[in-house]
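Visitor: Could you work out the structure for the sequence below:
(chains A and B)
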Amino acid sequence: MNNESVIKSRFEENGKVFETGAPVTGAVSIENAVAVGFGDGSIRFFWPDNDPLEVQAHSGAILSIASSNDGVITGGQDGRFLKISTNAEIEEIYNFGTRWVDNVAAYESMVLCSSGKNVYIWSDENDKPKILEHQSTIGGIAIDQNGRRIAVSCYGGVTLWRLEKNKWKSSKFAWKGSHGKVGFSPDGKYLVTTMQENELHAWRIRDKASFAMSGYPSKVKSFTWAGDNPYLVTAGAKEAICWPFDGKEGPKGRKPLCIASGGQQNATFVESLPGEKAVFAGFRNGMVLLSELSEHPNDVLIQNPTGSEVSNISISPDRSHILVGDSKGQILWSPLWEQ
Amino acid sequence: MENSSSQVPVTVLTGFLGAGKTTLLNRILTEQHGRRYAVIVNEFGEQGIDNDLVVDADEEVFEMNNGCICCTVRGDLIRILGGLMKRADQLDAIIVETTGLADPAPVAQTFFVDQDVADRTKLDAIVTVADAVHLSTQLGEHHEAEEQIAFADVVLLNKIDLVDQSQITGVKDRIRKINPYTKIIETNRCAAPLEEILGLNAFSLDRVLEVEPDFLDSDHDHEHDDDVTSVSFVSNTPLDLEKFEKWFGNLLQTHGQNILRSKGILDFKNEKDRYVFQGVHMLMDASPMGPWPEKSIRNSRVVFIGRKLETMNLKEGFESCKSD
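Guide: Now for the predicted structure:
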């Protein structure tokens, strides 16, 4: 793929490329940095002005990463649930032994993770975790904007847990099949999951009305929200497929916007540009495009194909930099704007 | 599809509790030192596995929403194989140990159905460890035992020092009647040459060409209705592609639940290439495999392993695919 005739994008010209040798498995914003988790168990913090800081945290791959009040939290194949500060201090929150820690999430001082069929919640006052049990291994977890509800996906649907009078009460959102990632819409009214089949599923929480978003040529591995409507932006097709979630019925019976159409392969990761009606789409061949949320979008090339699947795109908290990571461990860290 | 060298081979070990799965596993891990394995075990499995990369799993069988009732996959395998592919260190192979009562079909189907699994890993072989003393009884009592033999690419007939020669012959006949394709290795303490167990590529279509089924003149008089049996047909008349596709598609749709495995090499009229297929229940993989070798006999051969095969009019169906 290192073809001499390839014209570098402005981002490739102005940015730095790091070959880490380990697949990028996740990334998250913390303070003024982007923290990246890798398949060799390391974490790297990327800052706009300094060199990256590497911390060896887990043995085996990092499976999930999230930002909490005072550091990133990570779950690994070594069964450890860790908190890592931006000055490289590591605190072990819990050790699950031979069981993987598949998912982590945080809200203010509350941190949670899933291992096997259980979700474990640590909040301020307790040393011992609160355990929420489920019927099968957990595919994904999400916390809503107020920290009052936790969505947990597994085989057969989503369990929505609400904190009422200091107790977690559950309610089931059923749909046949295996559910992976889960998320709340920004207004907290919808739940969305990716499925084992090439589709997404969504529920309106108020009345549990549910619908499928299907027609994808491959599994949907990534989704995000963008614009004021908002749109649910999804990977899994040759374009970024954006479903409108405004109005009473959301995308039911409506056509999605299809943007970022320059990739020849299926999109594997999508991320919104905060504050703008724009979306980054990363593709299976490593290409990354920035596209507008409109009927006739303009596309901007961020990264030429690298030959490896884009596994993460993150924007620094001050919106000054973009990070692109792939499944072979190449990182592009580049200023987002003309200097 | 990725090229096959970047796909990590996965060997599946099945067999009833006490047959010797863990003994075999530990032999593989100690004798093949220098090679890096990940071992996926069930928490209810036998203990004591000597490897630094052991992953605990629950056998979670998921139904797919694709309108096919027998299409089940192992959800835990999809998650764990996906996770292992995120590691920085290269694995030489992955071994999946199943519980004694596991049905191998969902494991095999996972490699047909999940694109990520199929891109990054390949099912190398299903190896079934059978207890020479108890297999005959187990076959009569448990559907799972029959399925484990029906799906096996290799049967390790273990503990043969505890039975006499006539018992060995009897149990081998029983195995061949269920699965004429399987290779039977007689062992004590699972002491089989590892090259006959690992790196077999048994699920690749090329291998369908190499392995000649061990045909038996089976007499079907004493079978129960739900015994697993096998049938095979040969045609020296070229087949008609359209007729075959129609018949075979319809057959899998209607009877896929009872057809555990199907394999075949096909000679179609006016086609210079050999066609090869193999299937698990309703799922099937097929492709042209290059021209017929010059000196070989062009004919079509198919094998079905399953239950209630006699109700499917297989012979008539196959015959009707012959070109005019």
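Visitor: The host helix or strand of residue B:39 pairs with which strands, and in what direction?
Guide: Using DSSP states H and E, residue B:39 maps to strand B:37-42. Partner strands for strand B:37-42, per DSSP bridges, with pairing direction: strand B:54-57 (parallel), strand B:93-97 (parallel).
Visitor: which of those sits most buried?
Guide: Among the strands paired with strand B:37-42, ranked by average contacts under mean count of other CB atoms under 10 Å in any protein chain shown, first place goes to strand B:93-97 (a mean of 23). The way it works is simple: take the backbone N, C-alpha and C, and place the C-beta from them, glycine included.
Visitor: which helices and strands sit right next to the helix or strand following that strand?
Guide: Using DSSP H and E, the next helix or strand after strand B:93-97 towards the C-terminus is helix B:105-113. In terms of contacts (3 or more CB pairs under 8 Å, 6 or more residues apart in numbering or on different chains; DSSP states H and E), helix B:105-113 is packed against strand B:8-14, strand B:72-74, helix B:75-84, helix B:115-120, strand B:121-131, helix B:143-151, strand B:273-280, strand B:283-291.
Visitor: roughly how far out does the shortest one sit from the chain middle?
Guide: Shown here is strand B:72-74, whose average C-alpha point lies 15 Å from the average C-alpha point of the whole chain (CA atoms, centre = their mean, to the nearest Å).
Visitor: Which neighbours in the sheet does that strand have, and how are they oriented?
Guide: strand B:61-63 (antiparallel).
Visitor: And for the longest one?
Guide: Here the strand partners of strand B:121-131, with direction, are listed using DSSP bridges: strand B:8-14 (parallel), strand B:154-158 (parallel).
Visitor: could you check the angle strand B:154-158 makes with the helix or strand that comes right after the last one?
Guide: Moving toward the C-terminus from strand B:154-158, the next helix or strand (DSSP H and E) is helix B:165-178. When axes from the mean of the first three to the mean of the last three CA atoms, to 10 degrees is applied, the directions of helix B:165-178 and strand B:154-158 differ by 160 degrees.
Visitor: Quick check: which helices or strands does helix B:165-178 pack against?
Guide: With contacts defined as 3+ CB pairs under 8 Å, 6+ apart, helix B:165-178 has these neighbours: helix B:135-141, helix B:143-151, strand B:154-158, strand B:183-186, strand B:228-235.
Visitor: Contacts for the second one next, please.
Guide: In other words, helix B:143-151. By CB atoms under 8 Å, 6 or more residues apart in numbering or on different chains, the residues outside helix B:143-151 that reach it are B:14-16, B:100-105, B:108, B:126, B:128, B:130, B:135, B:138-139, B:155, B:175, B:178-179, B:182, B:226-228, B:260-261, B:280, B:305-306.
Visitor: The strands paired with strand B:121-131: which one's closest to residue B:202?
Guide: strand B:154-158 (7.8 Å; CB to CB).
Visitor: Please identify the most buried of the helices and strands packed on helix B:165-178.
Guide: strand B:154-158 (a mean of 25).
Visitor: now the strands paired with strand B:37-42 in CSV, with distance to residue B:116?
Guide: Compiled in CSV, the strands paired with strand B:37-42 are given as follows (distance: least, CB to CB, whole Å):
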stretch, distance to residue B:116
strand B:54-57, 17
strand B:93-97, 14
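Visitor: Tabulate these in TSV, adding columns for mean pLDDT.
Guide: Listed next are those as TSV, based on pLDDT from 0 to 100:
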stretch	mean pLDDT
strand B:54-57	84
strand B:93-97	94
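Visitor: and the closest residue to residue B:84 other than its chain neighbours, bridged to which residues?
Guide: Closest residue to residue B:84 apart from its sequence neighbours, by CB to CB, 6 or more residues apart in numbering or on different chains: residue B:38 at 5.4 Å. For residue B:38, the beta-bridge partners are residue B:94 (DSSP bridges).
Visitor: just residue B:126 next, same as before
Guide: residue B:12.
Visitor: How far off centre is stretch A:6-13?
Guide: 26 Å.
Visitor: which parts of that stretch are buried?
Guide: For stretch A:6-13, a neighbour-count test (16 or more other CB atoms under 10 Å in any protein chain shown) marks A:9, A:11, A:12 as buried.
Visitor: about what we covered before: how about CSV for the helices and strands packed on helix B:165-178, with mean pLDDT added?
Guide: CSV is the format used below for the helices and strands packed on helix B:165-178 (pLDDT from 0 to 100):
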stretch, mean pLDDT
helix B:135-141, 90
helix B:143-151, 93
strand B:154-158, 96
strand B:183-186, 95
strand B:228-235, 90
